[in-house]
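A.B. asks: I'd like to go over a predicted model; first the sequence, then the structure.
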Amino acid sequence: MVLRFVLYATIGAPMLHRGGIFLEKKNRREEYTKRAIRESFAQLLAEKPIEKISVGELCKLAEINRSTFYRHHSDLHALLDIMVDECLHEIFHNIVENRASSASYDTVLYDCILQVCAATERNKAIYKALLFGSTGTHLAQKIVDAVLQLYLNTHEPSDLVPAPETLMHYKYHVYGIIGMWSEWVRDDCALPKEDIAFAAKEQTHAFLYKMNELYLPKNYKNR
């Protein structure tokens, strides 16, 4: 009974079922393997294009066998696509989650950007490889496009699109914010993430003010 209580307090009720401790160990191994694959792949991508990387080379660096790799991924391009999707999900999950906060707008915006910077810092080798390696992923462009879609989903009537002038101002501000973040990544996140988050917050204020001025409620163009 005492053992059961300790297990419950330590790992929670769900882990007491279906061989919970063994599942936990298995999950830890799976997470370790996934991280080893991604970090090793990022290291190789920083050195050469994906076309010159072999699965065997990746497996040797990650210290796994080929069957382990193929249990998770069909090929290197599939792995690359998954890593891009994971980065985008990590960024926009933080944005969407923070939008529901009851804190002040300024606090929510700063906290949101700080969480994105913290996630980037934890996985800086991966972000650096995807942003600056010879991957062809266009990660920065995908972030710019996704931010615009998020903004439009919040404000846009279904039959209208922003006027060209609005999109020009959007790209000017957002490329600047993404550029600042990208250069921070290129520099191995040397500056404190709090400084980057504050600077990005100030730029985001300017971006949203200009977008709202141009886009809401005027400067629409019929589809």
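C.D. replies: Happy to help now that I have it.

A.B. asks: so who does the residue nearest to the spatial centre of the chain touch?
C.D. replies: By CA atoms, centre = their mean, the mean C-alpha position of the chain lies nearest to residue 87, the distance being 2.8 Å. Contacts for residue 87 (CB atoms under 8 Å, 6 or more residues apart in numbering) come out as 123, 126-127, 130, 139. (Each C-beta comes from the backbone N, C-alpha and C, glycine too.)

A.B. asks: do residue 70 as well
C.D. replies: residue 55.

A.B. asks: buried ones in the strand or helix carrying it?
C.D. replies: Using DSSP states H and E, residue 70 sits in helix 66-72. By neighbour count with 16 or more other CB atoms under 10 Å, helix 66-72 contains the buried residues residue 69.

A.B. asks: just the endpoints, please. Distance across stretch 117-129?
C.D. replies: 16 Å (CA to CA, to the nearest Å).

A.B. asks: list the contacts of that stretch.
C.D. replies: 38-39, 41-43, 45-46, 83, 87, 90-91, 94, 135, 139, 181, 184-186, 188-189, 193, 196-197, 200.

A.B. asks: helices and strands of this protein: which one bottoms out on pLDDT?
C.D. replies: Lowest by mean pLDDT, DSSP states H and E among the helices and strands of the chain is helix 2-11, with a mean of 35.

A.B. asks: can you give me the buried ones in the particular helix or strand that has residue 116 in it?
C.D. replies: Per DSSP H and E: residue 116 is located in helix 105-122. Neighbour-count burial for helix 105-122 flags 108-117, 119-121 (criterion: 16+ other CB under 10 Å).
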